[in-house]
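J.: Need a 3D model of the sequence below.
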Amino acid sequence: MSQEQDRALILDEVKKYYEKYHVTTKDFSAGDRIPYASRVYDSEEMTNLVDSCLDFWLTSGRYTDEFEKELAKYLDVRFCSLVNSGSSANLLAFMALTSPLLKERSIQRGDEVITVAAGFPTTVAPIIQFGAVPVFVDISIPSLNIDVSQLEQAYSSKTKAVMLAHTLGNPFNVVAVKEFCDKHNLWLIEDNCDALGTEVLINGEWKKTGTIGDIGTSSFYPPHHMTMGEGGAVYTNNSLLNKIIRSMRDWGRECSCPSGVDNLCGHRFDGQFGELPVGYDHKYVYSHLGYNLKATDMQAAIGCAQIKKMPEFARRRRENFAFLHNELKDLDAFFFLPKAEEGTNPSWFGFPITCKEGVDRGMVVKALEDHKVQTRMLFAGNLIKHPCFTNMPDGGRSLYRKVGELNNTDVAMERTFWIGVYPGMTEEKLKFMAKCIRDGIKSIPKQ
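T.: Predicted coordinates:
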């Protein structure tokens, strides 16, 4: 047989293996574990992965190129760069804005970036690690997103950017934030790691979150909207930002030749850069102090199968959210339930619930966890109350500025939790989760 025939035979056996060992038909029954999120896949992910392994091209290659093109097409953006995680995507997105190629708009140490403390730490960490100053603004309840009425109060002569996440798939008021950024000539980074597929109506046109600001980021960790195991992406419509992102992702190099290709520009040995000798090998010229944040082609191969499923994944998330909301809508005396704002179509990452005053979150969470229903807090809750800040001599206060007392941020820290709506959920699981929440309310002592 030929090599291609051998390959086809192997991939057919992989498909059979998937169907024999990975397809489960067990019905749900009380006591079965209900995770807040999980990978959803079929034989195509496995055959793509093995197909990539048979090439044994261990860095980025043909699947990486295909995935970057398909994700850019799905988002309707010009440029997309695959990276090794969503946290790396946030690091790369922020650091791109420090490039000297941006001249007077580049972020310098001591400059300020408006964000929130109620979220995942790696939205904020790159700001501090670089030496810029996060300015923490409070959130609104129940949206759990930035209170845009505080943006002007957060602004100063040092403000250079806004970096915010769309919380659990529910978009922040990106229209108001973008208008604020345009007014003050600020960069906007959309941390889209929990919101892939979310849409916002802007000037009569639906646009996907992550594409409205200057740079968007995604995560492909298993709980997210699609997965590669590990992985992330950075995307933009700005050609200069794309050049910087690619450079910083790939060691900071000046050369744009893809892996395994030499002298694409035709001037590998006749350029002059910095104070290097004329003709110094362009493949080893560095215009930034960068990183190696690339993913592997094996990861990209999985992503190429997953991206095809994104429309269905987003549809299922919306359906599961709507079903769960309907099951719990009569409990508004106990909870602030999530809702989509007008002009938005969230691709929900989870179903966040904020207990009203007097309702013990711990009792409700216990009722869920005791029945093997996974719950999660709203990530850090209030980041500045974590040891990464409080263990510092001044409690970390020299690292940030805040607007007001972040009262709603503390409410989320103390009273918010969330459960899953991922595509693998069934109506039986959703109904069971709702029952556990009702049981949790009954267990709370009456005042």
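
J.: Distance from the chain centre to the helix or strand where residue 389 lies, please.
T.: Here residue 389, judged by DSSP states H and E, is contained in helix 387-390. Mean-position distance between helix 387-390 and its chain equals 23 Å (C-alpha atoms, centre = their mean, to the nearest Å).

J.: which stretches of the stretch 301-447 of the chain form strands?
T.: For the stretch 301-447 of the chain, the strands defined by DSSP state E, counting those that start in this stretch occupy 335-336, 344-345, 350-355, 376-377, 401-402, 416-420.

J.: If you could redo that for the stretch 1-150 of the chain, that was the one I meant.
T.: Under DSSP E, counting those that start in this stretch, the stretch 1-150 of the chain gives strands at 79-83, 112-115, 133-136.

J.: can you redo the ones you listed as a markdown table with distance to residue 50?
T.: For glycine as for every other residue, the C-beta is placed from the backbone atoms N, C-alpha and C. Below are the strands of the stretch 1-150 of the chain laid out as a markdown table (distance: least, C-beta to C-beta, whole Å):
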| stretch | distance to residue 50 |
| --- | --- |
| strand 79-83 | 20 |
| strand 112-115 | 41 |
| strand 133-136 | 44 |
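
J.: Turn those into TSV, columns for mean neighbour count, distance to residue 72 and mean pLDDT.
T.: TSV is the format used below for the strands of the stretch 1-150 of the chain (neighbours: other C-beta atoms under 10 Å; distance: least, C-beta to C-beta, whole Å; pLDDT from 0 to 100):
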stretch	mean neighbour count	distance to residue 72	mean pLDDT
strand 79-83	25	4	98
strand 112-115	26	26	98
strand 133-136	23	29	98
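
J.: closest one to residue 247 among the ones you listed?
T.: Nearest to residue 247, of all these, is strand 79-83, at 10.3 Å by C-beta to C-beta.

J.: Can you spell out which helices and strands pack onto that closest one?
T.: Judged by 3 or more C-beta pairs under 8 Å, 6 or more residues apart in numbering; DSSP states H and E, strand 79-83 is in contact with helix 62-75, helix 86-96, strand 232-236, helix 239-249, helix 297-328.

J.: Please repeat the previous calculation with a cut-off of 7 Å.
T.: helix 62-75, strand 232-236, helix 239-249 (3 or more C-beta pairs under 7 Å, 6 or more residues apart in numbering; DSSP states H and E).

J.: Can you tell me which of these is packed in deepest?
T.: strand 232-236 (a mean of 28; mean count of other C-beta atoms under 10 Å).

J.: For residue 379, grab the count of nearby residues.
T.: Residues within reach of residue 379, counting by other C-beta atoms under 10 Å, total 21.

J.: same deal with the one 10 residues further on?
T.: Here the count is done by other C-beta under 10 Å, and residue 389 has 18 residues near it.

J.: How about residue 436?
T.: For residue 436, the neighbour count with other C-beta under 10 Å is 23.

J.: Neighbours of the closest residue to residue 185 other than its chain neighbours, how many?
T.: Once flanking residues are discounted, residue 185 sits nearest to residue 105: 7.4 Å by C-beta to C-beta, 6 or more residues apart in numbering. By the measure other C-beta under 10 Å, the count of residues near residue 105 is 13.

J.: again, but for residue 342
T.: Using other C-beta under 10 Å, residue 342 has 6 other residues around it.

J.: likewise residue 405?
T.: For residue 405, the neighbour count with other C-beta under 10 Å is 9.

J.: Then residue 26?
T.: By other C-beta under 10 Å, the residues close to residue 26 number 6.

J.: picking that back up, quick check: the residue nearest to residue 185 vs residue 54, distance?
T.: Distance of residue 105 to residue 54, computed by C-beta to C-beta, to the nearest Å: 46 Å.

J.: next one: residue 209
T.: Separation of residue 209 from residue 54 (C-beta to C-beta): 36 Å.

J.: and what of residue 102?
T.: 42 Å.

J.: closest to residue 16 out of the helices and strands packed on strand 79-83?
T.: Here helix 62-75 is closest among these (C-beta to C-beta), at 22.5 Å.

J.: helices or strands up against the closest one?
T.: strand 79-83, strand 232-236, helix 297-328.

J.: and that helix, how far from the chain's centre?
T.: Distance, centroid of helix 62-75 to centroid of chain: 17 Å (C-alpha atoms, centre = their mean).

J.: Repeat that for stretch 43-55.
T.: How far stretch 43-55 lies from its chain's middle: 25 Å, per C-alpha atoms, centre = their mean.

J.: Look at stretch 167-176 and report the distance between its end residues.
T.: Start to finish, the residues bounding stretch 167-176 are 16 Å apart (C-alpha to C-alpha, to the nearest Å).

J.: let's have the chain start at 38 instead
T.: Sure, I'll start numbering at 38, so the last one becomes stretch 204-213.

J.: Now it: buried residues?
T.: 204, 205, 206, 207, 208, 209, 210, 211, 212 (16 or more other C-beta atoms under 10 Å).

J.: Inside helices: which ones of these?
T.: Using DSSP state H, the subset of the buried residues of stretch 204-213 located in helices is 211, 212.
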